[in-house]
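S.K.: here you go, sequence then predicted model.
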Amino acid sequence: MIKGLNDRVQKIIDEMVESGEEIGLQVAAYIEGELVVDAWAGVTDDVSGQQVNGDTLFTSWSTTKGFVATCLHILVDRGLVEYDARVAAYWPEFAARGKEEITVRHVLTHSAGIPHMPEGVTPEMMTEWDVMCSAIAEHEPLWSPGTRTGYHFWTFGWIIGEIIRLVDGRPIAQFVQEEVCQPLGIDSFYLGIPEAVEDRVAPLKQEPTSDGAEAEPTELSLRVTPPHVTSAEVVNRPDVRRASIPGCGGIMNARAIARHYAMLASLGVLDGIRILSEERVNSIRALQTESPDEVYGIQIPKSLGYFLGGDVNQEWSRAMGRSGEEFGHPGFGGSLGFADPVRRLGFGFTKNLMKVNDRAACVVAESIRNHLNSAH
C-alpha cells in the first residue's frame with residue numbers, strides 16, 4: 001500500500017529546497033502505527049550550510065500546543081481535571097479581576113477572554129514561569145468567557161501548564177516527558193532544551209512579509225502577539241530555548257510530532273501503549289466552535305485544544321484533510337502536526353524558514369493522501 005511513498009515525499013521536499021522555496025525541513029508520517037515517511041532536506045541555516053538530518057530539532061511554535069492539550073486530557077482521563085470546572089478551582093489566584101467563571105473548556109477553546117500578553121512583557125520575563133503565571137493571573141478578561149473565541153497564542157501554554165502543575169505536582173516539561181514522550185519512545189521533544197542538544201537545533205529565519213501577504217495588525221493582535229517578543233530572533237535566543245514556554249516554545253523534530261499524532265490517530269494507543277482512552281480521543285476532537293476568531297478575523301474550527309481539518313480556505317486546515325475528522329495544530333511559519341483517525345495517519349512537518357500562509361505542509365500532506373488513495 002505504501003510502496004514508493006517515502007521516495008515521493010523526498011522528491012517533493014528536495015525540489016522545494018532546490019527551488020529556493022525552503023531552507024531546511026523534515027517530514028514524518030505514520031500509517032496504522034508504522035513509520036512510512038521519514039524524510040528531510042536542505043540545511044539547518046544558510047550561513048553554516050550544515051545539512052538537516054532526521055535528528056535535527058526545530059522550534060515549532062504552536063505545534064507545541066497539541067502536546068500540551070494531550071497532557072491535560074490525560075489528567076481528565078484520570079478524573080483529576082474536569083473540562084467544565086473553573087480554572088480557579090485548581091488555581092485560586094486565577095480568579096482575580098473577574099476571571100472566576102473561566103473554565104478549563106474556555107481555555108482549551110480559546111474563549112477564556114485572556115489572549116493578551118502582560119503589559120511590558122520581555123523575552124527575559126517569558127523565561128520565568130512563576131512571573132508569567134502571576135502576570136496572567138492578574139489579567140482582566142477582554143470578553144465574557146464563552147461568548148467569543150480569540151486565539152490565545154502565548155497565554156494558552158502557561159494557563160494549561162499551570163493547571164497541570166498544580167493538579168499533578170510536576171512542571172509540564174517533566175509531565176510531557178514522563179507521560180507522553182517516554183511511554184511512546186519519543187526522544188526529540190523538549191519544553192526547554194538541555195545543553196547537550198543545542199547543536200542539533202536549527203535556527204529559524206523569518207521571511208519578510210511581502211505587501212498584501214498579511215493583514216495589517218489590529219490593536220488586539222498587537223497585544224496578543226507583541227512583535228518585540230513574537231519573532232524568530234526571540235525564539236532563537238539561548239535563554240528562550242532553555243525555558244519552558246508551552247504555548248509556542250516547543251523544540252522538536254518531525255518524528256516526534258508524527259509519533260504523538262500516530263497515537264491519537266489510533267484512538268489513544270500506539271505499539272500497545274495506551275496514553276488516552278478511546279472515548280477521550282473521540283470527545284477531544286469534536287468541534288467546539290467555528291465562530292470568527294477575534295484575533296485573526298477568520299473562522300478557525302476548534303476542538304478541545306486542537307484545530308480541525310475541513311476548512312479549504314486555510315492552508316493548515318486543508319493540509320490536515322477535507323473531512324473535518326482530522327485534528328491537530330499548526331505552528332507559526334509553517335510547521336504542522338495532525339491525526340487523521342479515518343486513515344490512521346499521524347503527520348509531522350517542521351522547517352526553519354517561517355512564512356505567512358505557508359503552503360509546504362499542505363503540498364506534502366496532499367501528496368501522501370493522494371498516494372494512499374491511488375493505492376486502493
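M.R.: That came in fine, so what should we check first?
S.K.: show me the contact partners of the longest helix seen in the chain.
M.R.: Criterion DSSP state H: the longest helix present in the chain is helix 360-375. Contacts of helix 360-375 from elsewhere in the structure, counted by Cβ atoms under 8 Å, 6 or more residues apart in numbering, are 1-5, 8-9, 12-13, 16, 21-22, 25, 27, 29, 31, 37, 315-316, 318-321, 330, 334-336, 338, 343, 345, 347, 349, 351. C-beta coordinates here come from the backbone N, C-alpha and C atoms, glycine included.
S.K.: quick one: the strands in the stretch 201-350 of the chain?
M.R.: Residue ranges of the strands in the stretch 201-350 of the chain, as given by DSSP state E, counting those that start in this stretch, are 201-202, 205-206, 251-252, 269-270, 273-274, 307-308, 327-330, 336-340, 345-351.
S.K.: model confidence over the fourth one, on average?
M.R.: Across strand 269-270, the average pLDDT comes to 98.
S.K.: quick one: strands adjacent to that strand?
M.R.: Strand pairing for strand 269-270, determined by DSSP bridges: strand 273-274 (antiparallel).
S.K.: outside of the strand it pairs with, which residues touch it?
M.R.: Applying Cβ under 8 Å, 6+ apart, the external contacts of strand 273-274 come out as 183, 184, 263, 268.
S.K.: buried only: go through those for me.
M.R.: Applying 16 or more other Cβ atoms under 10 Å to the contacts of strand 273-274, the neighbour count classes 184, 263, 268 as buried.
S.K.: what residues does the second one make contact with?
M.R.: Contact analysis of residue 263 by Cβ under 8 Å, 6+ apart lists 184, 269, 270, 273, 275, 276, 346.
S.K.: burial measure for the nearest residue to it once chain neighbours are set aside, as a count.
M.R.: In this structure, residue 263 finds its nearest non-sequential neighbour in residue 270, 4.1 Å apart by Cβ to Cβ, 6 or more residues apart in numbering. Applying the criterion other Cβ atoms under 10 Å, we find 22 residues in the vicinity of residue 270.
S.K.: how close does residue 270 sit to residue 333?
M.R.: 28 Å (Cβ to Cβ, to the nearest Å).
S.K.: could you list the low-pLDDT ranges of the stretch 1-150 of the chain?
M.R.: Flagging of the stretch 1-150 of the chain using pLDDT under 70 yields the residue ranges 1.
S.K.: so for the protein, the centremost residue is which one?
M.R.: By Cα atoms, centre = their mean, the mean C-alpha position of the chain lies nearest to residue 63, the distance being 1.7 Å.
S.K.: surely residue 157 and residue 176 touch.
M.R.: No - using Cβ atoms under 8 Å, residue 157 and residue 176 do not qualify as a contacting pair, with a distance of 11.3 Å.
S.K.: how does the protein divide into domains?
M.R.: 5-61+196-375, 73-172 (automatic domain parsing).
S.K.: ends of stretch 172-187, what's the gap?
M.R.: For stretch 172-187, the first and last residues are 16 Å from each other (Cα to Cα, to the nearest Å).
S.K.: can you name the residues in contact with it?
M.R.: Surrounding stretch 172-187, the residues in contact under the criterion Cβ under 8 Å, 6+ apart are 67-68, 70-71, 74, 160-161, 164-165, 168, 170, 189-192, 244, 246, 255-256, 259-260, 263, 270-271, 273, 275.
S.K.: related to what we said a few turns ago, got JSON lines for the strands of the stretch 201-350 of the chain, with distance to residue 113 too?
M.R.: Compiled in JSON lines, these are given as follows (distance: least, Cβ to Cβ, whole Å):
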{"stretch": "strand 201-202", "distance to residue 113": "34"}
{"stretch": "strand 205-206", "distance to residue 113": "29"}
{"stretch": "strand 251-252", "distance to residue 113": "30"}
{"stretch": "strand 269-270", "distance to residue 113": "36"}
{"stretch": "strand 273-274", "distance to residue 113": "35"}
{"stretch": "strand 307-308", "distance to residue 113": "19"}
{"stretch": "strand 327-330", "distance to residue 113": "21"}
{"stretch": "strand 336-340", "distance to residue 113": "27"}
{"stretch": "strand 345-351", "distance to residue 113": "31"}
